[in-house]
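need the 3D shape of this:
(chains A and B)
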Amino acid sequence: MALELSEQEQFRRNSLEELYKLGIDPYPAESYPVNVSTHEIHEQFQADQTKFQEVCIAGRIMTRRIMGAASFVDLQDSTGRIQLYIKRDDICPGEDKTLYNTVFKRLMDIGDIIGIKGYVFITQMGEISIHVRELKILCKSVKPLPVVKEAEGQTFDAVTDPEFKYRQRYADLIVNPAVREVFVKRTRMVNIIRDFLNAQGALEVDTPVLQSIPGGAAARPFITHHNALDIPLYLRIANELYLKRLIVGGFDWVYEFSRDFRNEGMDRTHNPEFTILEFYVAYRDYFWMMEQTEQMLEKIAMGLHGTAEVPVGEKMISFKAPFRRLPIYDAIKEYTGVDAAAMDENELRAACKSLGIEVDETMGKGKLVDALFGEKCEHHFIQPTFIIDYPVEMSPLTKKHRSKPGLVERFELMINGKEIANAYSELNDPIDQRDRFEDQVKLMERGDDEAMFIDYDFLRALEYGMPPTAGIGIGIDRLAMLMTNQVSIQDVLLFPQMRPEKKVVANLASDADFMAIGIPEAWVAVVRKAGFKTPAEVKSANPNKLLHELSGLRKKLKLEIPSLKIEEVQAWCN
RNA sequence: CUCUCCGUAGCUCAGCUGGUAGAGCAAUUGACUCUUAAUCAAUGGGUCACAGGUUCGAAUCCUGUCGGGGAGACCA
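Numbering: from 1, shown residues only, chains lettered A, B, ... in the order given. Predicted structure coming up:
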């Protein structure tokens, strides 16, 4: 007897044994020739009831209603659910009723995967169902699923525990259809973007995830090590510098859905790995990029919702182009009254302090403006707004503004108070780029641990000449949150990062190890059940308490093994 | 890293100012040939997250640990 299993898990393992004894393989190898989906049946049967008279379909048993010799089962496949009607004498036409009485009623459970053949009909209660003629088990489930019930749009006992949902997404997906919808929508969103870009001749590319210089953004990277080269490598924090190398190489428009990694805090909008769409287009500038962005977002909203108005929490967000455009200094003036454009670093620092923003000496002008905007302005921009024309200090890869000194041609797209995209006219002056990198080094020397490294290979590429280029990065996870109305990034990631579960100790010590200190074979499993993982733990236990505990378990589990005496237990411990 | 809330059966949750564990669903056995949160009857199922402490007695009070949520700090 496996002591670590719950009662229900034990029952299901027993059912497995019985199936084998009946000569039924609960995990058959051959393919099952499904010829229809539940969705197709629901969509088409009402209109033409002569269809679907020979269906073969498979899925998971979600609920059962057994009434003696007839039963109803809700079967769930990848497209939805359908009710099955199973009549004993139909699936067991002869004398032998084992398949119904024993296999179906006793040995099958919620969660099992079955295949059936039959015909579609409508029950007296008006529900489209399948009358089953043949029934076959395709996979026996030995772990009980959470049971969620639904009726008339209401859901009962839905699993809401985030830990369960995120750690066991597979079970979450089985049991909560709305979760599946979110991820289907996310993928549709990505497909819309891909179509939008491909239709204009963009080329999807792959660039390195392992980089020897983590460039293209300001963030702390993950570090790993390559054994053969014996060098440190970094997981990318951005792919910007690689995509721009490709523009140098002569591609006009490249893009990549880039999985980036940043070794920073985790919260409802940050996961250590996340997806950014970056794309770069030769001979364009940031004004052009704003138009592209508007069009693309409107297209996504229309594609997913059929309208540009998308509900997000209590609000409605309109993705109807064009979006508002507002210079960052105007935004700061609007919400704080501070005229940051006219200030030098020290005046800015003073202004921040007077507004209660924490500042320190490592912060240059760029970071101060960033702090001012982030603290006091960002959250006000609910409807899509392009914040434009940033100070040069906070944008080391951006081209200087064509007419406004001290600024760069950059925009960030704010939606629902969060940054969704960041774009600019790319800096293609190699001399200027070298200077900007060197400024970053100075910031690093001042203690800014996010300042960028100098990427000399990237500089070499720029020296060959990069056409004027517009580039953008769009946070795909955050966009997915908006488009699916989810408040947490974990809800748009199939497998969000979690602290590992505490190790369920598997065979740290063998039975023989326990027996070596004198524990009788029959008691080893009981000792384990009592929570002892190694003989050493037994040795250091209080013998009286241990005896009590083991005796209690023996009684509780009704074990037919001889009882223990205190002398025996003392002999193990000492 | 700080604050705060939470951890009770497979699932959803009760459990009062300490008196030794409860419900619904799920499970087991039985009844029932069109049910749909099927119904009816009976039954089993818990080291109350873990480890200490206080107490005659702890799911309950205290301390610590682990895991999770939320808020902040940090972070484009």
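
contacts and neighbour counts: CA atoms only from here.
Will do.

quick one: contacts for A:Thr269?
A:478, A:488-489 (Cα atoms under 8 Å, 6 or more residues apart in numbering).

run the last query once more with 7 Å
Listed by Cα atoms under 7 Å, 6 or more residues apart in numbering, the contact set of A:Thr269 reads A:488-489.

again with the one 10 residues further on
If a contact means Cα under 7 Å, 6+ apart, then A:Phe279 has A:254-256, A:471-473 as its contacts.

and if you look at A:Asn428?
For A:Asn428, the contact set (Cα under 7 Å, 6+ apart) comprises A:462, A:466, A:468.

can we see that at 10 Å?
Counting by Cα atoms under 10 Å, 6 or more residues apart in numbering, A:Asn428 touches A:244, A:248, A:397-399, A:459, A:461-463, A:465-469.

between those residues, which has the most around it?
Neighbour count (other Cα atoms under 10 Å) singles out A:Lys244 as the most crowded of these, with 28 neighbours.

show me which residues of the stretch 351-500 of chain A sit near RNA strand B.
For the stretch 351-500 of chain A, the residues in contact with RNA strand B (Cα under 7 Å from any atom of the strand) are A:358, A:394-395, A:419, A:422, A:450, A:488, A:498-500.

pipe those residues into a markdown table and attach neighbour count, secondary structure and pLDDT per row.
Converted to a markdown table, these look like this (neighbours: other Cα atoms under 10 Å; DSSP: H, G, I helix; E, B strand; the rest coil; pLDDT from 0 to 100):
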| residue | neighbour count | secondary structure | pLDDT |
| --- | --- | --- | --- |
| A:Glu358 | 13 | coil | 74 |
| A:Met394 | 20 | helix | 79 |
| A:Ser395 | 20 | coil | 85 |
| A:Glu419 | 22 | strand | 89 |
| A:Asn422 | 19 | strand | 93 |
| A:Glu450 | 14 | coil | 69 |
| A:Ser488 | 15 | coil | 88 |
| A:Met498 | 12 | coil | 82 |
| A:Arg499 | 6 | coil | 78 |
| A:Pro500 | 7 | coil | 72 |
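
quick check, nearest of those residues to A:Val148?
For A:Val148, the closest of these turns out to be A:Ser488, at 22.8 Å, with distances computed as Cα to Cα.

is the closest one in contact with A:Met266, as I believe?
No - under the criterion of Cα atoms under 10 Å, A:Ser488 lies out of contact with A:Met266, with a separation of 11.0 Å.

lowest-pLDDT helix or strand in chain A?
Between all helices and strands in chain A, the lowest mean by mean pLDDT, DSSP states H and E belongs to helix A:543-556, at a mean of 58.

tell me the secondary structure of A:Thr275, please.
At A:Thr275, secondary structure determined by DSSP: H, G, I helix; E, B strand; the rest coil is strand.

how about it: what's its closest non-neighbour residue?
By the measure of Cα to Cα, 6 or more residues apart in numbering, the closest residue to A:Thr275 outside its immediate chain neighbours is A:Arg259, 4.5 Å from it.

the residue nearest the centre of chain A is in what secondary structure piece?
With distances taken as Cα atoms, centre = their mean, A:Leu493 lies nearest the centre of chain A, 1.4 Å away. Following DSSP states H and E, one finds A:Leu493 outside all helices and strands.

nearest residue to it other than its sequence neighbours?
Spatial nearest neighbour of A:Leu493, chain neighbours left out: A:Asp477 (7.5 Å); criterion: Cα to Cα, 6+ apart.

quick one: that neighbour is in a helix?
Yes - according to three-state DSSP, the state of A:Asp477 is that of a helix.

quick check: it touching A:Pro496?
No - with contact defined as Cα under 10 Å, A:Asp477 does not reach A:Pro496; the gap is 11.3 Å.

A:Leu243 looks like it's in a helix, true?
Yes - in this structure, A:Leu243 lies within a helix as judged by three-state DSSP.

which residues touch it?
The neighbours of A:Leu243, taking Cα under 10 Å, 6+ apart as the test, are A:205-207, A:249, A:251, A:253-256, A:278-281, A:471.

tabulate those residues (TSV), appending secondary structure and pLDDT.
Below are those laid out as TSV (DSSP: H, G, I helix; E, B strand; the rest coil; pLDDT from 0 to 100):
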residue	secondary structure	pLDDT
A:Val205	coil	97
A:Asp206	coil	95
A:Thr207	coil	96
A:Gly249	coil	97
A:Phe251	coil	97
A:Trp253	strand	97
A:Val254	strand	97
A:Tyr255	strand	97
A:Glu256	strand	97
A:Glu278	strand	96
A:Phe279	strand	96
A:Tyr280	strand	97
A:Val281	strand	97
A:Gly471	strand	96
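
elements contacting the helix ranked longest in chain A?
If each helix of chain A is counted by residues according to DSSP state H, the longest one is helix A:177-199. Helices and strands touching helix A:177-199, as assessed by 3 or more Cα pairs under 10 Å, 6 or more residues apart in numbering; DSSP states H and E, comprise helix A:169-175, strand A:203-204, strand A:253-261, strand A:273-282, helix A:286-305, helix A:476-484.

buried residues in it, which are they?
For helix A:177-199, the neighbour count (16 or more other Cα atoms under 10 Å) marks A:179-180, A:182-183, A:185-186, A:189-190, A:192-194, A:196-197 as buried.

would that helix count as contacting RNA strand B?
No - against RNA strand B, helix A:177-199 shows no contacts by Cα under 7 Å from any atom of the strand, the least distance being 14.6 Å.

and A:Phe156, what is it in contact with?
Taking Cα under 10 Å, 6+ apart as the test, what A:Phe156 contacts is A:147-150.

and RNA strand B, which of those contact it?
The subset of those within reach of RNA strand B, counting by Cα under 7 Å from any atom of the strand, consists of A:147-150.
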